[in-house]
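Novice: With the input below, show me the fold.
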Amino acid sequence: MNPDIIFLTGFMGTGKSASGVILAGMLGRRALDTDELIEKEAGMTVAEIFDRYGEDGFRRLEASVLDSLAGGGPCVVSAGGGMSAWGNNLETMKKIGVVVALTASPEEILRRVSSCGTVRPLLVCGDPLFRIISLLQKRAYYYIKSHIMVDTDGKSPAAVAAEIKERLGI
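Specialist: As a prediction, this is how the structure comes out:
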């Protein structure tokens, strides 16, 4: 387990981005967000990438960004919610860093993503709670293979970051 690169993974709305920035500040490291890196590389938003290239096209860009992180120095990376469940991404993440899966209940996830004002392409459907539950079931196998799991229900991003730091012993 190499703690130079700390990957925060987990479903959308579990607090990866907010906790990642705080954790990076606590550790004096760069904070990176794979969605932002993808948008910069593609020159379009995640929603536009999904519209134009579909989920597979987005996942290919995501894997490319992941490959570019190796050897880039200590950082905290907020990874896309499905990154660890596509291709060999989880194995790559575990090889080049430590993987921390953030979890939350489906109801809490829906509450958080509904209040943030960001379009979530995978939740544009008739029953977003059902979609969240369905996707969580499909991705659970990958999340539990992380080095560490942290439940974020009822916790602030600062509390989550502090728990991650403590559990990693750094």
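
Novice: helices or strands next to the helix or strand harbouring residue 160 in the packing?
Specialist: Assigned by DSSP states H and E, residue 160 belongs to helix 157-168. With contacts defined as 3 or more CB pairs under 8 Å, 6 or more residues apart in numbering; DSSP states H and E, helix 157-168 has these neighbours: strand 5-10, helix 16-27, strand 98-103, strand 148-151. No exception for glycine: its C-beta is placed from N, CA and C like everyone else's.

Novice: Tabulate these in CSV, adding columns for mean neighbour count.
Specialist: Listed next are those as CSV, based on neighbours: other CB atoms under 10 Å:
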stretch, mean neighbour count
strand 5-10, 27
helix 16-27, 21
strand 98-103, 24
strand 148-151, 17
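
Novice: just so I know, which of those lies nearest residue 75?
Specialist: Comparing the helices and strands packed on helix 157-168 against residue 75 with CB to CB, the closest turns out to be strand 5-10 (5.8 Å).

Novice: is it true that residue 31 lies in a strand?
Specialist: Yes. Checked against DSSP: H, G, I helix; E, B strand; the rest coil, residue 31 lies within a strand.

Novice: That one: how many residues sit nearby?
Specialist: 19 (other CB atoms under 10 Å).

Novice: which residues does it bridge with?
Specialist: Applying DSSP bridges to residue 31 yields these beta-bridge partners: residue 76.

Novice: For it, which residues are in contact?
Specialist: Applying CB atoms under 8 Å, 6 or more residues apart in numbering, we find residue 31 in contact with 20, 21, 23, 24, 25, 75, 76, 78.

Novice: could you check the distance from it over to residue 161?
Specialist: 11 Å (CB to CB, to the nearest Å).

Novice: Residue 50 now?
Specialist: Applying CB to CB to residue 50 and residue 161 gives a distance of 29 Å.

Novice: All good on my end, thank you.
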